[in-house]
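Participant: This is the structure alone, sequence omitted:
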């Protein structure tokens with residue numbers, strides 16, 4: 001098959017008027033100007049569209065949640081959550097997200113299998129399974145008795161303390177077949193009794209996670225909001241920093257030195273500050289989000305100006321405040337609040353986000369997965385064009401919310 005494009009943004013820096021790429025067995029085999037790429041097989045005519053790689057959300061929770069109340073998160077039925085998450089998957093496809101990196105879920109491993117087998121329509125899912133927190137850390141359910149919260153299987157995080165326990169928990173995750181590990185090296189907004197600038201996990205504990213992941217060829221993602229936890233994560237081998245509210249020069253320089261990817265998740269913070277009070281966000285979460293928001297935007301702006309790779313990630317979970325299907329908000333915020341150009345924002349959601357997963361997604365270059373979108377308007381004229389998705393393709397095949405063509 002060959003795809004003829006009105007405009008082709010390949011995700012890897014090229015913007016081609018009258019571009020073409022060829023697809024074989026779901027993979028891009030050749031791409032370039034129309035006159036340089038020989039047509040092969042069936043022709044897909046997208047000459048009236050702007051064609052871009054499928055979007056990647058590098059930080060989501062495919063948990064089928066429908067409220068912002070943390071108590072509901074730990075009490076929710078996995079069966080109900082999984083059913084709801086299938087709806088979220090279809091919404092993501094309609095919004096042009098062909099891949100997501102799930103960083104904390106009890107159902108994403110099963111959802112990934114159902115999508116890969118063709119039984120459920122959805123994006124490619126790369127998941128950490130349950131995230132991993134120290135006792136009293138961001139992933140702990142602070143409002144529950146410890147005897148309940150410490151039981152594996154309650155909520156989307158597991159507790160681990162001490163180097164040996166952290167190493168064993170990492171091995172358990174790898175045994176489950178995860179695509180990455182997710183840990184917490186600071187407190188957070190939606191955890192009751194800690195703070196975003198509070199460091200969590202020791203160097204030895206962090207290193208236990210990264211050593212085990214490295215042996216399996218996988219990355220570790222760290223929830224890290226304050227500088228001390230960001231620096232500790234980077235110094236001990238973490239590959240991606242999630243959130244990064246309070247970044248100083250040392251943290252930014254370490255990101256550059258270690259070639260880490262920064263996933264700021266501006267969208268969830270923006271939504272909590274804007275209307276979290278109307279959607280049941282606890283008072284402590286509202287307070288911490290409001291205190292951090294301006295510093296968060298400034299940290300992302302300085303990281304961008306320094307040349308840190310910034311990937312699109314929303315931290316969306318499914319409730320009305322942060323619903324899957326509206327994930328393009330992150331691209332808009334990167335342009336409007338941080339100062340990325342529209343093309344750079346698209347690359348943050350394609351090539352750069354592709355750095356966070358163990359697969360060749362995020363570009364329309366030879367060897368990459370043939371995941372792409374037809375946009376009805378040009379994002380160079382306004383970033384809102386990323387919401388104008390006319391068609392979504394995965395592995396060269398058109399997909400839609402009904403999954404008739406999957």
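Facilitator: Everything's here; your move. Treat the numbers as computed from the prediction; the structure is a model and nothing was measured. Numbers count the residues shown, from 1 in each chain.
Participant: quick one: the most centrally placed residue in the chain from residue 266, how far?
Facilitator: In the chain, the residue lying closest to the centroid (CA atoms, centre = their mean) is residue 58, at 1.6 Å. Noted for residue 58: a distance of 13 Å to residue 266, by CB to CB, to the nearest Å. (C-beta placed from N, C-alpha, C; glycine too.)
Participant: quick one on the thing from earlier: that's a helix at the residue nearest to the centre of the chain, yeah?
Facilitator: No. Per DSSP: H, G, I helix; E, B strand; the rest coil, residue 58 lies outside any helix segment and is strand.
Participant: So what's the gap between the least confident helix or strand in the chain by mean pLDDT and the chain middle?
Facilitator: Scoring the helices and strands of the chain by mean pLDDT, DSSP states H and E places helix 146-149 at the bottom, with a mean of 79. With CA atoms, centre = their mean, to the nearest Å as the basis, helix 146-149 stands 29 Å off its chain's centre.
Participant: mind listing what's buried in that helix?
Facilitator: residue 149 (16 or more other CB atoms under 10 Å).
Participant: Check which helices and strands the following helix or strand past that helix sits against.
Facilitator: Later in the chain than helix 146-149, the nearest helix or strand by DSSP states H and E is strand 157-159. Packing partners of strand 157-159 (3 or more CB pairs under 8 Å, 6 or more residues apart in numbering; DSSP states H and E): strand 131-133.
Participant: for the helix or strand containing residue 126, what is the average pLDDT?
Facilitator: According to DSSP H and E, residue 126 maps onto strand 124-127. For strand 124-127, mean pLDDT is 98.
Participant: For residue 80, grab the count of nearby residues.
Facilitator: 12 (other CB atoms under 10 Å).
Participant: Centre of the chain to the strand holding residue 126, how far?
Facilitator: 9 Å.
Participant: Could you do stretch 253-271 as well?
Facilitator: With CA atoms, centre = their mean, you get 11 Å for stretch 253-271.
Participant: isn't the residue nearest to the centre of the chain right up against residue 101?
Facilitator: Yes. Contact criterion CB atoms under 8 Å: residue 58 and residue 101 qualify, at 4.7 Å.
Participant: Mutual contacts of the two, please.
Facilitator: Jointly contacting residue 58 and residue 101 under the rule CB atoms under 8 Å, 6 or more residues apart in numbering are 313, 353, 356, 357.
Participant: Quick check: pLDDT value at the second one.
Facilitator: Meaning residue 353. pLDDT at residue 353 comes out at 98.
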